[in-house]
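Trainee: sequence and computational prediction follow.
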Amino acid sequence: MSRKLYVGNLPYETNESDLQALFAAAGDVESVNVIRDRETGRARGFAFVEMASDEGARQAVTQLNEREFGGREQRLQIRFIRFVRKVSDVQLSTHHSLHAP
């Protein structure tokens, strides 16, 4: 299971310390990355939070998904992130003999 979580429907005023404090109730937080607009620096309404353990990630989803946060009427949306390795990232090699021994 992934320990990295997508967090959506965040108020635009949200910062890393807000999310660190919120998710700390579910377990140890390894990192928080609030995604910001390149030009304005304003939060774009979503972030990624990485928990220190699988159990902490499960607890965060259970405790915080669909919860109101920051006075916003919309509720937080929290989802596990799954990483998929592309086949092109893996080197495959096969040897075929064209000559009979």
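Mentor: In hand now; what should we look at?
Trainee: test my guess that residue 18 contacts residue 76.
Mentor: No. Under the criterion of C-beta atoms under 8 Å, residue 18 makes no contact with residue 76, lying 11.7 Å away. Using the backbone N, CA and C atoms, a C-beta is placed for each residue, glycine as well.
Trainee: for residue 13, see how far away residue 46 is.
Mentor: Counting by C-beta to C-beta, to the nearest Å, the separation of residue 46 from residue 13 is 14 Å.
Trainee: quick one, which of those two is more surrounded?
Mentor: residue 46 (15 against 11; other C-beta atoms under 10 Å).
Trainee: which ones are touching the residue nearest to residue 8 when sequence neighbours are not counted?
Mentor: Distances taken as C-beta to C-beta, 6 or more residues apart in numbering place residue 77 nearest to residue 8, at 4.0 Å, with adjacent residues excluded. Residue 77 sits next to 6-9, 65-66 when contact means C-beta atoms under 8 Å, 6 or more residues apart in numbering.
Trainee: export these to CSV and tack on secondary structure, distance to residue 38 and neighbour count?
Mentor: Output for the contacts of residue 77, formatted as CSV (DSSP: H, G, I helix; E, B strand; the rest coil; distance: C-beta to C-beta, whole Å; neighbours: other C-beta atoms under 10 Å):
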residue, secondary structure, distance to residue 38, neighbour count
6, strand, 20, 14
7, strand, 20, 26
8, strand, 19, 14
9, coil, 21, 17
65, coil, 29, 14
66, coil, 30, 11
